[in-house]
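S.K.: Fold the stuff below for me.
(one chain, ligands or ions: 1)
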Amino acid sequence: MTLTIKPTRATLGAIITGVDLAKLDDATWTDIERAFHTYAVLIFPAQHLDDAAQIAFGRRFGNIEHLVADREIVPISNQRADGTLLQDHEYGMQIMRGNEGWHTDSSYMRLAAKASVLSAHVVPSTGGETEWADMRAAYDALDELTRARIANLAAYHSLRYSQSRIGHDAAVGSSYGFHNDAPPLRPLVKVHPVTGRKSLFIGRHAYGIPGLTPEESEKLLDDLVTFACQPPRTYTHAWKPGDVVVWDNRCVLHRARPFDHRDPRVMRHTRIAGEPATELAIAS
Ligand SMILES: [Fe+2]
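M.R.: Coordinates of the predicted model:
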């Protein structure tokens, strides 16, 4: 098999074929890792990985983050194990609805995520795509005035904040991310630890920029997301069962697109922890 890397027409993303991720050799991994740093989102169609193979692929990127104790892969689904579907008011659906806002994974934890692997198992008849936005290209496209304004700003990140904005008042300790620790503070401009490129580090979990009023902070952060998440910086993937995607949480935002909740959508997710040297909050 020959590894083929086909960039999308957006500023991020590439479709990779000619590799079986379940039998990844070191030389091919080196090419994939290089592509990961270049394109930030890699789409591998029709891989059909089982859990063990997805976890092994995730481990290539670093330490796995445990969203559930002792679990290295978790379902993201509106379908229970017994086949019945969640109702819209249920907790899991509130989390999935939150995922429809632009975000980066685990920015609300003290150690933010490096990467996320997502695989499709059952897809709805329409909708349910995932969309990514390139925060490197977004930073590059900012005008000088905005760049100067945000150069030394930081924001707190909280899942309780972002869920409360969609009307979901989750109890402390109810699941991953709803902790009672002080929220982590992160600069709005992040330097990528490998490429050195600057990017916007924003998204729905960010709030409360020190030095600004809550209203000023919310407006600035919302305006930045609106500006950043526009073509040619966005790419949308319509899933087919078996597809696997990995993205770089350090420099892209992502969101799920809505779908008809009478259809099942079953995805499986592995999250890779950031490096303490570069993804730890500057304060909390
Ligand atoms: Fe996410």
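
S.K.: same for the one helix or strand in the chain whose mean pLDDT sits lowest, what does it pack against?
M.R.: Scoring the helices and strands of the chain by mean pLDDT, DSSP states H and E places helix 91-98 at the bottom, with a mean of 92. Contacts defined by 3 or more Cβ pairs under 8 Å, 6 or more residues apart in numbering; DSSP states H and E place helix 91-98 against helix 159-165. Every residue, glycine included, has its C-beta placed from N, CA and C.

S.K.: for the helix it packs on, which positions count as buried?
M.R.: Along helix 159-165, these residues count as buried under the neighbour rule (16 or more other Cβ atoms under 10 Å): 159, 160, 161, 162, 163.

S.K.: Stretch 66-81 too?
M.R.: Buried residues in stretch 66-81, counting neighbours by 16+ other Cβ under 10 Å, are found at 67, 72, 73, 75, 76, 77, 78, 79.

S.K.: Closest one to residue 110 out of those, please.
M.R.: Residue 110 has its nearest neighbour among the buried residues of stretch 66-81 in residue 67, at 14.8 Å by Cβ to Cβ.

S.K.: now that closest one: how far from residue 140?
M.R.: 32 Å (Cβ to Cβ, to the nearest Å).

S.K.: now swap in residue 269 and tell me
M.R.: Between residue 269 and residue 140 the distance, using Cβ to Cβ, works out to 29 Å.

S.K.: Same question for residue 20.
M.R.: Taking Cβ to Cβ, one finds residue 20 at 35 Å from residue 140.

S.K.: again with residue 44
M.R.: 27 Å.

S.K.: before we move on, what about residue 17?
M.R.: On the measure of Cβ to Cβ, residue 17 and residue 140 end up 29 Å apart.

S.K.: picking that back up, list the ones among the buried residues of stretch 66-81 that fall in helices.
M.R.: Assignment to helices by DSSP state H places none of the buried residues of stretch 66-81 there.

S.K.: quick check, nearest of the residues you listed to residue 197?
M.R.: Set against residue 197, the nearest of the buried residues of stretch 66-81 by Cβ to Cβ is residue 67 (27.8 Å).

S.K.: I figured the closest one hits residue 271, correct?
M.R.: Yes: if you go by Cβ atoms under 8 Å, residue 67 and residue 271 touch, sitting 6.2 Å apart.

S.K.: where do the helices sit along the stretch 151-284 of the chain?
M.R.: Using DSSP state H, counting those that start in this stretch, the helices of the stretch 151-284 of the chain run over residues 159-165, 214-228, 276-279.

S.K.: Hmm, residue 162 is touching residue 99, no?
M.R.: No: contact criterion Cβ under 8 Å: residue 162 and residue 99 do not qualify, at 10.1 Å.

S.K.: Could you report the distance from the spatially closest residue to residue 247 that is not a sequence neighbour to residue 116?
M.R.: Nearest non-adjacent residue to residue 247, counting by Cβ to Cβ, 6 or more residues apart in numbering: residue 41, 4.5 Å away. Counting by Cβ to Cβ, the gap from residue 41 to residue 116 is 10 Å.

S.K.: Mind checking which of the two has more residues around it?
M.R.: residue 41 (25 against 22; other Cβ atoms under 10 Å).

S.K.: now that one: how far from residue 277?
M.R.: For residue 41 relative to residue 277 (Cβ to Cβ), the value is 24 Å.

S.K.: what residues are up against the closest residue to residue 208 other than its chain neighbours?
M.R.: Closest residue to residue 208 apart from its sequence neighbours, by Cβ to Cβ, 6+ apart: residue 156 at 4.4 Å. Contacts for residue 156 (Cβ atoms under 8 Å, 6 or more residues apart in numbering) come out as 183, 184, 185, 186, 206, 207, 208.

S.K.: Dump those residues to TSV, plus distance to residue 245 and neighbour count.
M.R.: Output for the contacts of residue 156, formatted as TSV (distance: Cβ to Cβ, whole Å; neighbours: other Cβ atoms under 10 Å):
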residue	distance to residue 245	neighbour count
183	28	24
184	26	24
185	30	16
186	24	25
206	23	30
207	28	18
208	31	18
